[in-house]
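[1] Below is the sequence, then the predicted model.
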Amino acid sequence: MNVRRSAATLAVSAVLCVGSAPAALADVATPSPAPVVPSGLFGKNDPTYDGVWRQSFALLAQHTVGLKPAQQAVDWLVGQQCADGGFASFRADTAAACDAKLMLDTNATAVAVQALKALGGQDAAVKKGADWLKSVQNADGGWAYVPGSPSEASSTAVVISALAAGEKPAEVKSKAGKSAYEGLLAFQLGCSSEPAADRGAFAYQATADGKLPANADATAAAVLAGLGQGALVSPSASPTDTPAAALACPATAGDPAAAAQGAAGYLAQALKKDGHLTALTPGADQPTPDTGNTADAVIALAAAGHKQSAAGALEWLKTNSAEWSKGNPAGLGTLILAAHATGTDPKAFGGTDLVAALNATGPAPQNASAKASEQPAEKKDDKKDEDSGGGNVWWMILAGAAAGMGIGIVLSGRRKKNQL
């Protein structure tokens, strides 16, 4: 769910973690002219790496606040689906059949399934998407961003969240007999992990020496997956509102709900220091605030019944998310979902009307007021508003290529478009 990283980062991540990735990845590092942004798509920036992701979050957010998305926006998303049910991050030419050169994306597929399921009336597309996701499950029960690559927690979690609406993840098993939850829980740091503060967290992937480094991105996604939740969390999803607790030791082995609560405890502790999460971004010497993962953590904590543990981070987002989310459909959508999960008014979020701002980035919803519908899309600072490092995309790809040759940098995070 987190919109923190662009799909380019994920493609690089696949290269780093796979060693030898599917042939489709070979084409990723070849720059091509930026495609024209289709009229039905949210956002004005190059959709190559995040078109389906940002569209799905925009539609899901509009639905959450009672708006009926424009038909052309829904049709655009449905039209991105391949005949086998999978989605790529973006298909510029939907008239051409998907072929082996097109890199299908479990994350894009999973969020598209969630959005189309919530909107209703798209049963065929939802079923095809879910069936495709099940068809690319790894032997260990998990999923990778790029099918055929080693499993990682972020992709496994987002796929579980998509399947949970119509499946029982514990019963979704690989050909080797491993369930989706077995694939996910293998990435959780248990009661013997050090430092103790990381216990309960999830790693993105294991390092070369088998260690599991805590990763907030994967942890927030795993909370939702363990609870059988998707990105859309109702404020009444949990009848309780208690402080999140540290992982209970010994933890209940194999219990996804208990694992989710332990992960929520880690997030709550991580938020206490500054009221937000941090990340080390390309070119930075010190960690900087991670707005997207902070929003994800708020949603995860609310889903787990710990809104009070998310309260400080929610207030931080109200004060500090405006620049990050400006012109960013996925970012605005995530903030709307965070507001919804905590019972906060998204139209008065730290002085920003998130709903109006989101509507201004794409086709006007069918039932929007005339005033909201007439709001012009932002025209300033296009360069500044590029999707999560549009200017950094090729930096990340080159970094991935170098790492593939031996530097060994692991970029954690999933398909979190539009952030860094």
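    Noted; the coordinates are in hand.

[2] which residues does S179 bridge with?
    K173 (DSSP bridges).

[3] For it, give me its contacts.
    Contacts for S179 (Cβ atoms under 8 Å, 6 or more residues apart in numbering) come out as 141, 169-173. For glycine as for every other residue, the C-beta is placed from the backbone atoms N, C-alpha and C.

[4] got any ranges where the stretch 1-150 of the chain has weak pLDDT?
    Counting by pLDDT under 70, the stretch 1-150 of the chain has low-confidence residues at 1-35.

[5] in it, which spans are helices?
    Taking DSSP state H, counting those that start in this stretch, the helices of the stretch 1-150 of the chain run over residues 7-18, 51-64, 71-79, 106-119, 123-135.

[6] can you check the stretch 301-420 of the chain too?
    307-320, 322-325, 329-341, 354-359, 370-373, 393-402.

[7] can you redo those helices as a markdown table with mean neighbour count, mean pLDDT and distance to A279?
    Shown next, in a markdown table, are these (neighbours: other Cβ atoms under 10 Å; pLDDT from 0 to 100; distance: least, Cβ to Cβ, whole Å):
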| stretch | mean neighbour count | mean pLDDT | distance to A279 |
| --- | --- | --- | --- |
| helix 307-320 | 20 | 97 | 14 |
| helix 322-325 | 20 | 96 | 12 |
| helix 329-341 | 30 | 98 | 15 |
| helix 354-359 | 25 | 98 | 22 |
| helix 370-373 | 12 | 42 | 33 |
| helix 393-402 | 18 | 38 | 14 |
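
[8] Can you add distance to H63 and give these back as JSON lines?
    Below are the helices of the stretch 301-420 of the chain laid out as JSON lines (distance: least, Cβ to Cβ, whole Å):
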{"stretch": "helix 307-320", "distance to H63": "21"}
{"stretch": "helix 322-325", "distance to H63": "19"}
{"stretch": "helix 329-341", "distance to H63": "10"}
{"stretch": "helix 354-359", "distance to H63": "12"}
{"stretch": "helix 370-373", "distance to H63": "15"}
{"stretch": "helix 393-402", "distance to H63": "29"}
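
[9] which one of those helices lies closest to P69?
    helix 354-359 (9.8 Å; Cβ to Cβ).

[10] What helices and strands are in contact with that closest one?
    helix 51-64, helix 329-341, helix 370-373 (3 or more Cβ pairs under 8 Å, 6 or more residues apart in numbering; DSSP states H and E).

[11] Try it again at 7 Å.
    helix 51-64, helix 329-341 (3 or more Cβ pairs under 7 Å, 6 or more residues apart in numbering; DSSP states H and E).

[12] okay, the ones you listed in a markdown table with distance to S155 next?
    Listed next are these as a markdown table, based on distance: least, Cβ to Cβ, whole Å:
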| stretch | distance to S155 |
| --- | --- |
| helix 51-64 | 13 |
| helix 329-341 | 17 |
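
[13] which one of those helices lies closest to L317?
    That would be helix 329-341 among the helices and strands packed on helix 354-359, by Cβ to Cβ, at 6.6 Å.
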